[in-house]
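*Asks:* Show me how the following folds:
(one chain, ligands or ions: 1)
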Amino acid sequence: MKLLWLHGLSCSGNTQSFLCAENPTAGELLSRFEVLYHPAVSWEADETEVVRKVLTSSEPLDVFILEGSVGPGARKIAGKEFKTVVKEIARKSKFVIALGNCAVFGNIPAKRSPEVKGLQFRFSEEGGVLGKNYRSLSGLPVINLSGCPAHPSWLSFVLLCILEGGKLKLDEKGRPVEIYAYLTHHGCPRNEYFEWKIEAEELGKKEGCLFYHFGCRGPMTHSPCNRILWNGVSSKTRAGMPCVGCTEFDFPREDMFRTKHAMGIPEELPLGVSKRGYILLAGVAKTFAPERLKKRLIDENQ
Ligand code: SF4
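*Replies:* Numbering: from 1, shown residues only. Predicted coordinates:
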């Protein structure tokens, strides 16, 4: 299977993330493809030559991965504007993968100009560079792997699925449901603190939930960060840093480490929770919270 990986407006964070893949490693996985070009690992191939060949070939391309958003600008490949190159390659690809929040929703570069877009979205707006009705030759829309960056295993899952001829089910944002059906909140070791409404007092500590003061987006962010751990060992919330919602369309937001409140209630509640239900449960939880959760887990003075 032929695979082409191009960079748009990107910090290359998704490449860095993927190079840390384990079981299989990035090298093991890529060796199962004929990698035509990757900006960081193709030492000898010439991007212009490769793109020209892909565009003029009568054969379809199997997998096209785009990392980074697409905007107007001076960048040209094979004499064509980058945006045109992306559209033409997408038209002849069996599978198109938007890797990372820039390629999916536009992300930070899109904050600079309304002309900068992801492949099928610009933040919450459908369309993007390829248009809302775009379908690759396999019949799928763009396979969106949002995240800043996306976890290496998420891309491995999709590539293995393509290699093995498996079926990919996507959510309304084009993201594989096997990965994005979960919330960051699922599997977070701070869940007991969340339930009893015990707030973290400081970042970086093991105790307390980061939802009430520190802006944690775990209960409204689709990502399995606490199920498929980073480097196999950790996640933001495990390390004492709030989830910043980097797999969602509204990332990055202003003031990401603060929970905004209205009349003492967080302005945004966990997905599916009503204001009335929240007020009722929060009051009871706070009143009956176990004393052991209000202490340090390991008391350094003892
Ligand atoms: S820290 Fe965030 S993810 Fe963890 S339990 Fe609290 S709200 Fe959920």
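*Asks:* residue of this protein with the smallest distance to the ligand?
*Replies:* Gly218 (2.4 Å; C-beta to the nearest ligand atom). For the C-beta atoms, the positions are set from N, CA and C on the backbone; glycine is no exception.
*Asks:* ok, that residue to Cys243 distance?
*Replies:* 4 Å (C-beta to C-beta, to the nearest Å).
*Asks:* Check Tyr134 too.
*Replies:* 30 Å.
*Asks:* Could you see whether the ligand lies near the longest helix anywhere in the chain?
*Replies:* When the chain is parsed with DSSP state H, its longest helix is helix 275-288. No. Using C-beta under 6 Å from any ligand atom, helix 275-288 stays clear of the ligand, with a minimum separation of 12.9 Å.
*Asks:* Please list the residues outside that helix that contact it.
*Replies:* 195-197, 265-266, 269-270 (C-beta atoms under 8 Å, 6 or more residues apart in numbering).
*Asks:* list the buried ones in that helix?
*Replies:* Within helix 275-288, the residues scored as buried using 16 or more other C-beta atoms under 10 Å are Ala282.
*Asks:* Also stretch 138-154?
*Replies:* Those would be 140-154, for stretch 138-154 by 16+ other C-beta under 10 Å.
*Asks:* burial of the residue nearest to Ser223 when sequence neighbours are not counted, as a residue count?
*Replies:* Nearest in space to Ser223, with sequence neighbours left out and distances taken as C-beta to C-beta, 6 or more residues apart in numbering, is Thr247 at 4.2 Å. Neighbour count for Thr247, taken as other C-beta atoms under 10 Å: 31.
*Asks:* Now do the same contact list for Thr247.
*Replies:* Neighbour list for Thr247: 101, 146-148, 150, 175, 180, 221-223 [criterion: C-beta under 8 Å, 6+ apart].
*Asks:* ditto for Phe194
*Replies:* Listed by C-beta under 8 Å, 6+ apart, the contact partners of Phe194 are 185, 188, 209, 211, 219.
*Asks:* Over to Ser42?
*Replies:* Counted by C-beta under 8 Å, 6+ apart, Ser42 has contacts Val35.
*Asks:* Not counting residues beside it along the chain, what's closest to Leu137?
*Replies:* Of all residues not flanking Leu137 in the chain, Lys94 sits nearest, at 4.6 Å (C-beta to C-beta, 6+ apart).
*Asks:* ignore the last one, Lys132
*Replies:* Leaving out its chain neighbours, the residue that sits closest to Lys132 by C-beta to C-beta, 6+ apart is Glu126, at 4.4 Å.
*Asks:* so the one you found bridges to which residues?
*Replies:* Per DSSP bridges, the residues bridged to Glu126 are Phe121.
*Asks:* Filter the contacts of helix 275-288 down to the ones in helices?
*Replies:* Short answer: the contacts of helix 275-288 in helices (DSSP H) are Glu195.
*Asks:* among the contacts of helix 275-288, which ones are buried?
*Replies:* Buried members of the contacts of helix 275-288, scored by 16+ other C-beta under 10 Å, are 196-197, 266, 269-270.
*Asks:* What is the nearest of those to Leu163?
*Replies:* Closest approach to Leu163 among the buried ones among the contacts of helix 275-288 (C-beta to C-beta): Pro270, at 36.8 Å.
*Asks:* before we move on, the earlier item: assess the claim that the residue nearest to Lys132 and Lys117 are in contact.
*Replies:* No. Judged on C-beta atoms under 8 Å, Glu126 makes no contact with Lys117 at a distance of 10.8 Å.
*Asks:* So between the two, which is more surrounded?
*Replies:* Lys117 (26 against 14).
*Asks:* Just the local confidence number for the closest residue to the more buried one other than its chain neighbours, please.
*Replies:* Closest residue to Lys117 apart from its sequence neighbours, by C-beta to C-beta, 6+ apart: Gly128 at 4.6 Å. Here the pLDDT value assigned to Gly128 is 97.
*Asks:* what does the one 5 residues further on give?
*Replies:* The predicted local confidence for Asn133 comes out at a pLDDT of 98.
*Asks:* which ones among the buried residues of stretch 138-154 are found in strands?
*Replies:* The members of those that map onto strands under DSSP state E are 143-145.
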